[in-house]
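Trainee: I'd like to go over a predicted model; first the sequence, then the structure.
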Amino acid sequence: MKLNNRIANLPVYHFKKIDDIKRDLMNKGIDVTDLGVGDPDLSVHKDIISGLIKGVSYSNYNQYPPYEGINELKNQIIKYYDEVFSVKLTSDEVIILIGSKDGIAHIFPALCSIGDYAIIPDPAYPIYEIVSSLWGIETFKMPLSEGNDYLPKLGNIPQAVASKSKMMMINYPNNPTGAVADASFFKEVVNFCNSNNIVLCNDAAYNEIIGERELPISILQYDQSKASVEFGTFSKTYNMTGFRIGYAVGNVDVIKALLTIKSNMDSGQFIPIQCAAIEALKLTRDYIYDIRKIYCDRRKLVENILKQKNLEFYKSKGTFYVWGKIPKNYTTMEFCTEILRKHRVIITPGFTFGSVGHDNFRIALTRDKKVLQESLNKIDVY
Ligand SMILES: Cc1ncc(COP(=O)(O)O)c(C=O)c1O
């Protein structure tokens, strides 16, 4: 059979080995604790469920929804950006997505032709690189290092690359490192992209998962000319990964290009799911503070256990991930395999996120404190 050559050229899926061991243990009836995936264990707020149910009384709820999303949800997102970030948006600067991954995957072909350059971080959410490979887009990887608080050094991007790049993807708060960006970095990166005619895209999947009383920030607060776009999701803050609902906001031409790609690939999200998302955004800020507290408490607990085990980690300020350092004389795969085989706990090898992560592992704080404590206490002292 003749398949697309680019599928064969996709970056190797490093997590497969861990998956194989997990399946093998589970087939033998052995229980495995998964601290690998970033899928919240918390329940969905009752107002969100009511919104979902009420959504079936929406006229034509069962028919093709508008490609760009229903106006009621767009308006609620506009209100959220106004209230939380003081950013004013119009309806044509918002598009509803089938999860933010939908928009992230489609923004690459919306902006880049075959052979064009996209600038992406390393380590990173693997989709940026995979989608680029699938669409024949070249990537320039910006290494993120702990010494620079996992922010890219923009001065290290060669001018020749900047000149031929169509887009740059950044992701703050950052998966996998948990780093957050501050206003001064956002100003610098907006300035860099604007002066090189590069569309800046911020993947803000974890924008609200930060310190308990911290203020979330949006790239659009620092982009007066609105040349950039930002991706948001209901998956992480509202425990709605299975609903598949997110959005992109920002530059009107970029949103239009994204809509062109999407309207030829899929249709809008099921209307009751969009109604559920409206109710999510209507929840008070206290809901958000409660969620943050849960993850902050879990983080403290895990960091304390790692300290007792002599394992170093980055002092993250956002997301629900802990980015740890593997002990000396181990590769990341050896370490994660040992933790799985010996203690039945899955943690993610750092190089799943790119070559810069070869000395790291990622723990997802998406299990309750009791499970985190029981599973991580079993680890040896290194
Ligand atoms: C950095 C980042 N962006 C985007 C997503 C996609 O989220 P969703 O498609 O559920 O909105 C994820 C999911 O893990 C992520 O980690």
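Mentor: Received the coordinates, thanks.
Trainee: Please make it C-alpha for all contacts and neighbour counts, starting now.
Mentor: Fine.
Trainee: near the ligand, which residues of the stretch 51-200 of the chain show up?
Mentor: Residues of the stretch 51-200 of the chain that fall close to the ligand, judged by C-alpha under 6 Å from any ligand atom: Gly99, Ser100, Lys101, Tyr125, Asn175.
Trainee: need those in CSV with pLDDT, neighbour count and secondary structure, can you?
Mentor: What follows is those, written out as CSV (pLDDT from 0 to 100; neighbours: other C-alpha atoms under 10 Å; DSSP: H, G, I helix; E, B strand; the rest coil):
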residue, pLDDT, neighbour count, secondary structure
Gly99, 98, 24, coil
Ser100, 98, 24, helix
Lys101, 97, 21, helix
Tyr125, 96, 18, coil
Asn175, 98, 26, coil
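Trainee: buried residues in the top helix by length along the chain?
Mentor: When the chain is parsed with DSSP state H, its longest helix is helix 285-308. Across helix 285-308, burial judged by 16 or more other C-alpha atoms under 10 Å covers 288-289, 291-296, 298-299, 301-303, 305-306.
Trainee: after that helix, next one along is what?
Mentor: strand 321-325 (DSSP states H and E).
Trainee: Can you name every helix or strand that that following strand contacts?
Mentor: With contacts defined as 3 or more C-alpha pairs under 8 Å, 6 or more residues apart in numbering; DSSP states H and E, the packing partners of strand 321-325 are strand 360-364.
Trainee: repeat that with 10 Å
Mentor: Packed against strand 321-325 by the contact rule (3 or more C-alpha pairs under 10 Å, 6 or more residues apart in numbering; DSSP states H and E) you find helix 285-308, strand 360-364.
Trainee: So which of the buried residues of helix 285-308 is the closest to Ile210?
Mentor: Distance to Ile210, by C-alpha to C-alpha, is smallest for Arg292 among the buried residues of helix 285-308, at 6.3 Å.
Trainee: And the lowest-mean-pLDDT helix or strand in the chain, what's buried?
Mentor: Using mean pLDDT, DSSP states H and E, helix 15-27 stands out as the lowest-scoring helix or strand of the chain, at a mean of 82. Using 16+ other C-alpha under 10 Å as the burial criterion, the residues of helix 15-27 that qualify are Phe15, Ile18, Ile21, Lys22, Leu25.
Trainee: which among the residues you listed gets closest to Asp359?
Mentor: The closest of those to Asp359 turns out to be Phe15 (C-alpha to C-alpha; 15.3 Å).
Trainee: This structure: strands as residue ranges?
Mentor: Ranges of strands within the chain are 33-34, 94-97, 117-122, 138-143, 165-170, 199-203, 229-233, 246-250, 321-325, 345-346, 348-349, 360-364, based on DSSP state E.
Trainee: Let me have those in JSON lines, adding distance to Lys282, mean pLDDT and mean neighbour count as columns.
Mentor: Formatted as JSON lines, the strands of the chain follow (distance: least, C-alpha to C-alpha, whole Å; pLDDT from 0 to 100; neighbours: other C-alpha atoms under 10 Å):
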{"stretch": "strand 33-34", "distance to Lys282": "32", "mean pLDDT": "94", "mean neighbour count": "20"}
{"stretch": "strand 94-97", "distance to Lys282": "17", "mean pLDDT": "98", "mean neighbour count": "28"}
{"stretch": "strand 117-122", "distance to Lys282": "33", "mean pLDDT": "98", "mean neighbour count": "24"}
{"stretch": "strand 138-143", "distance to Lys282": "37", "mean pLDDT": "98", "mean neighbour count": "20"}
{"stretch": "strand 165-170", "distance to Lys282": "28", "mean pLDDT": "98", "mean neighbour count": "23"}
{"stretch": "strand 199-203", "distance to Lys282": "22", "mean pLDDT": "98", "mean neighbour count": "24"}
{"stretch": "strand 229-233", "distance to Lys282": "15", "mean pLDDT": "98", "mean neighbour count": "26"}
{"stretch": "strand 246-250", "distance to Lys282": "15", "mean pLDDT": "98", "mean neighbour count": "27"}
{"stretch": "strand 321-325", "distance to Lys282": "27", "mean pLDDT": "98", "mean neighbour count": "23"}
{"stretch": "strand 345-346", "distance to Lys282": "36", "mean pLDDT": "94", "mean neighbour count": "25"}
{"stretch": "strand 348-349", "distance to Lys282": "34", "mean pLDDT": "94", "mean neighbour count": "28"}
{"stretch": "strand 360-364", "distance to Lys282": "27", "mean pLDDT": "98", "mean neighbour count": "26"}
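Trainee: so where's this structure uncertain?
Mentor: Across the chain, residues meeting the criterion (pLDDT under 70) sit at 11-15.
Trainee: Domain map for it?
Mentor: Listed by automatic domain parsing, the domain ranges of the chain are 5-43+286-377, 47-283.
Trainee: Report the spatially closest residue to Ser50, excluding sequence-adjacent ones.
Mentor: Ala276 (7.3 Å; C-alpha to C-alpha, 6 or more residues apart in numbering).
Trainee: Now do the contacts for the residue nearest to the spatial centre of the chain.
Mentor: By C-alpha atoms, centre = their mean, the chain has its centre lying nearest to Ala205, at 4.4 Å. Applying C-alpha atoms under 10 Å, 6 or more residues apart in numbering to Ala205 gives the contacts 99-101, 171-175, 230-237, 246-247, 319.
Trainee: what about it, distance to Pro272?
Mentor: For Ala205, the distance to Pro272 equals 22 Å [C-alpha to C-alpha, to the nearest Å].
Trainee: now do Gly147
Mentor: Counting by C-alpha to C-alpha, the gap from Gly147 to Pro272 is 46 Å.
Trainee: For those two, indicate the residue with more neighbours.
Mentor: Counted by other C-alpha atoms under 10 Å, Gly147 and Pro272 do not tie: Pro272 has more neighbours, with 21 against 7.
Trainee: right, and that one touches Gly55 too?
Mentor: Yes. Between Pro272 and Gly55 there is a contact under C-alpha atoms under 10 Å: 3.9 Å.
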